[in-house]
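Q: Quick one, what's the 3D model for this:
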Amino acid sequence: QLYGSMWSQHYTQNPSSSQYITLVNYAMTSSSDLRLWRIPYADVLPDLDLVIKKSEEEGAWNYWVVGKIMTAFTYHVLTDAYGDIPFTEALKGQNCKYDDSKTVVYPGIIKMLDDAIDKEAEASAKGLKTMNVEDYIYDGDIAKWIRFAKTLKLKLLMRDFDTNKAEIQTMLAAGDFLKDDATVHCFEDVVNKSNPFYENDRRQLNTTNNVRACTTLYNYLAEYEDPRIGDFYEKTAASDRTEYRAIPYGNRTSSAYSISTTSRAVIGATDPVYYMSAAEAEYLLAECYARLGDKGSAKTHYDKAVEFSFARWNHGDKAAEFIAVGKPYEFQDTDEESMLKCILTQKWIACYPDPMNGWADFRRTGYPRIFPATESMNADCNTGRGQRRLRFTRSEYNNNKANVEAAVSMLSNGKDSNGTDLWWAMKENGTY
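A: Residues are numbered from 1 along each chain as shown. Down below sits the predicted model:
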C-alpha cells in the first residue's frame, strides 16, 4: 500500500521526516526495501505450492483452486513491479533464471487462472472439506473466487488490448465478473494483528505523522467537493480543525508544510487489505467497452463503478448527483480518449487505498494527469513520469548474478533502473 500510495500521489511524505524520502523522490536502490521480493519468493509462493500439491493429492479442489488463484495474483504483483522475474524456476531455490514478462510470465499466469476456472465444478462439489475458517477473503465461496479469477484474467489481457481483443470480447460476452470486494478483513486493533500498513507506519514507526495528504489527489477532490476527502485525510491539527491542507508531492519545505498545518492520511488498525474491489472491476469493464467503441456499455459500467466507489465510503446516496448530466463526474463520451480519461481518473480515486493498481494504470495509460514531483533524487526518473518499476534486489545480484544480468539485458532500455519502462507501460504520462 505504501509504494503505490506514494507513486500514485495519494500520499506524500511529511517534510520533516525522512523514513520514506527515497520512496517519494524515486531514489530506491537495489538494497532499499527487499520485502516485496523476499516475502513472495521466500514465504508466499512456497506455501501456496504446498497447498496446491497437498490439495491435489487429497482431491481438495476448493483449496487447489484458491491456491492457484493466489499464486497467479502473487506473480502478477511481482511482474508488474519488476518486469522479468523468476517464474518457471521460481521454486527451484537458487540460481533461478528470469523469464520474459510478456512471452512467458503473463501467459503462464493466465494459464494458472484458466486452470482454476476450469476446476469450478470440482471445487464446488458437495462433501469437500469446508475452508471458511482458513479463507480470509471469501469465506470458502468458490463462485466468488472464480469471479475474482476471471476479472484478474481480464485485467491482465488489458495490458495488451490490441493483441487480446478477440479474447477480451469473448470474456465480455460470457460475463460473470467480480461483484464482491476481494479483501482480507480480519484485522484487530491489537499489536501484530492490525492492518499491516497501520502496524508498520502508525504503531511501530517512531513517528505517527509521516504519511500526509498529497495535493494531486486532494486538490481534485476539493475542487468538486467530493465527500470522500474526510475518509482519506484528517483535518489539520491547527486552529479549530475545520480545514484540510495537502503537500505538493515530494516537497521537503518543513517551514511551509508543518505537521500542525497539513492533513495526515487516515489509516485504521482494522482497515481491510484489498486485492480487488467491485468498483475496480466495473471501471475495468468500462474501459474495455470504451476501447471497443461501445459508449452505452462503457457509461453503464462507469456509472456503476462510481456508485460502488462512493458506497465503499458510505456515500452511496451522493453518487447520483455527481454523475448526473452537467455534474463533475458525468461520463464524457466525445471520443475514446475522453472516455478513457474520465474512467481512469475516477478509477485512480477508487484505488485508494489499493493504489498499486493506480500506479499500474498511470504507467499503462498516462492517466490520471499528475503534478510533477517537487524533486527527483534519481537521474533516471524525471519528475513528470515518476517511478516506472522496482530495481532487482541486491541479494539477487549477490547470489544469482548471471541470471539477473541476463534479465537486465531484456529490459526495454537494457538498464536496471527505477525509470525503465516495462513492456506494457510505455505510455507517455501527462502532467499538469
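Q: And the next helix or strand past the helix or strand of the chain with the lowest mean pLDDT?
A: Ranked by mean pLDDT, DSSP states H and E, the weakest helix or strand in the chain is helix 21-24, scoring a mean of 86. With elements assigned by DSSP states H and E, the helix or strand that comes after helix 21-24 is helix 35-38.
Q: helices or strands up against that next one?
A: helix 61-82, helix 394-399 (3 or more C-beta pairs under 8 Å, 6 or more residues apart in numbering; DSSP states H and E). Every C-beta, even on glycine, is put in place using the N, C-alpha and C of the backbone.
Q: what does the least confident helix or strand of the chain contact?
A: Residues outside helix 21-24 that contact it (C-beta atoms under 8 Å, 6 or more residues apart in numbering): 2-3, 6, 12-13, 27-29, 32-33, 249-250, 252, 373, 377.
Q: show me what contacts Ile39?
A: Contacts of Ile39 by C-beta under 8 Å, 6+ apart: none found.
Q: quick one: which of the contacts of helix 21-24 has the most company?
A: Within the contacts of helix 21-24, neighbour counts (other C-beta atoms under 10 Å) peak at Thr12, which reaches 31 neighbours.
Q: who's the closest residue to it other than its chain neighbours bridged to?
A: Once flanking residues are discounted, Thr12 sits nearest to Cys214: 4.2 Å by C-beta to C-beta, 6 or more residues apart in numbering. Cys214 has these beta-bridge partners by DSSP bridges: Ile247.
Q: from what I can see Cys214 touches Arg245, true?
A: No: Cys214 is beyond contact range of Arg245, at 11.3 Å (criterion: C-beta atoms under 8 Å).
Q: re earlier: mean neighbour count, the helices and strands packed on helix 35-38: which tops it?
A: helix 61-82 (a mean of 23; mean count of other C-beta atoms under 10 Å).
Q: which strands and helices sit next to that helix?
A: Helix 61-82 packs on helix 35-38, helix 45-58, helix 106-118, helix 120-123, helix 142-157, helix 356-365, going by 3+ C-beta pairs under 8 Å, 6+ apart.
Q: what do you get if the cut-off is 6 Å, keeping everything else the same?
A: helix 45-58, helix 106-118, helix 120-123, helix 142-157 (3 or more C-beta pairs under 6 Å, 6 or more residues apart in numbering; DSSP states H and E).
Q: what about Glu330, distance to Lys299?
A: 10 Å (C-beta to C-beta, to the nearest Å).
Q: more neighbours, the two?
A: More neighbours surround Lys299 than the other of Glu330 and Lys299, with 21 against 16 (other C-beta under 10 Å).
Q: Can you tell me the closest non-neighbouring residue to that one?
A: Phe331 (4.5 Å).
Q: likewise Ser338?
A: That would be Gln332: by C-beta to C-beta, 6+ apart, it lies 4.4 Å from Ser338.
Q: If you count contacts, what does whichever helix or strand Ala286 is part of end up packed against?
A: Here Ala286, judged by DSSP H and E, is contained in helix 278-291. Packing contacts for helix 278-291, counted by 3+ C-beta pairs under 6 Å, 6+ apart, involve helix 295-312, helix 336-350.
Q: what's in contact with that helix?
A: With contact meaning C-beta atoms under 6 Å, 6 or more residues apart in numbering, helix 278-291 is reached by 151, 155, 161, 168, 177-179, 181, 297-298, 301-302, 304-305, 308-309, 339-340, 343, 347, 350.
Q: Only whichever of the residues you listed are buried, select them in ChimeraX.
A: Buried members of the contacts of helix 278-291, identified by 16 or more other C-beta atoms under 10 Å, are gathered into one ChimeraX selection as follows:
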select :151,155,168,177,178,181,297,298,301,302,304,305,308,309,339,340,343,347,350
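Q: Comparing Cys214 and Arg245, which residue is more hemmed in?
A: Neighbour count, other C-beta under 10 Å: between Cys214 and Arg245, Cys214 has more, with 29 against 18.
Q: and that one, what pLDDT?
A: With respect to pLDDT, Cys214 scores 94.
Q: isn't it right up against Ser8?
A: No: assessed by C-beta atoms under 6 Å, Cys214 is found out of contact with Ser8, at 8.8 Å.
Q: what's around the residue nearest to Asn413 when sequence neighbours are not counted, how many residues?
A: Once flanking residues are discounted, Asn413 sits nearest to Thr420: 5.5 Å by C-beta to C-beta, 6+ apart. Using other C-beta under 10 Å, Thr420 has 19 neighbouring residues.
Q: I'd like the distance from Gln94 to Tyr75, if you could.
A: In terms of C-beta to C-beta, Gln94 sits 19 Å off from Tyr75.
Q: Check Leu390 too.
A: 15 Å.
Q: repeat for Val408
A: In terms of C-beta to C-beta, Val408 sits 20 Å off from Tyr75.
Q: Ok, Ser8 next?
A: Ser8 is 22 Å from Tyr75, by C-beta to C-beta.
Q: just Leu340 next, same as before
A: 27 Å.
Q: Quick one: the strands in the stretch 151-300 of the chain, in order.
A: Taking DSSP state E, counting those that start in this stretch as the criterion, the stretch 151-300 of the chain carries its strands at 182-184, 211-213, 273-276.
Q: and the helix holding Ala286 with helix 142-157, angle?
A: 40 degrees (axes from the mean of the first three to the mean of the last three C-alpha atoms, to 10 degrees).
Q: between helix 278-291 and helix 295-312, how many degrees?
A: Using the same axes, to 10 degrees: helix 278-291 against helix 295-312 is 160 degrees.
Q: Return the alpha-carbon coordinates of helix 278-291 using CSV.
A: The C-alpha coordinates for helix 278-291 follow below in CSV (Å, rounded to 0.1, in the frame of the first residue of the first chain):
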residue,chain,number,x,y,z
ALA,A,278,-16.1,-4.4,-7.2
ALA,A,279,-15.5,-0.8,-8.2
GLU,A,280,-12.2,-1.7,-9.9
ALA,A,281,-14.0,-4.5,-11.8
GLU,A,282,-16.6,-2.1,-13.1
TYR,A,283,-14.0,0.5,-14.1
LEU,A,284,-12.1,-2.3,-15.9
LEU,A,285,-15.3,-3.3,-17.8
ALA,A,286,-16.0,0.4,-18.6
GLU,A,287,-12.5,0.7,-20.1
CYS,A,288,-13.0,-2.5,-22.2
TYR,A,289,-16.2,-1.2,-23.7
ALA,A,290,-14.7,2.3,-24.3
ARG,A,291,-11.8,0.8,-26.3
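Q: Quick one: mean pLDDT for that helix?
A: Computed over helix 278-291, the average pLDDT equals 98.
Q: likewise stretch 9-18?
A: pLDDT averaged over stretch 9-18 gives 90.
Q: Would you work out how far apart the start and end of that stretch are?
A: 17 Å (C-alpha to C-alpha, to the nearest Å).
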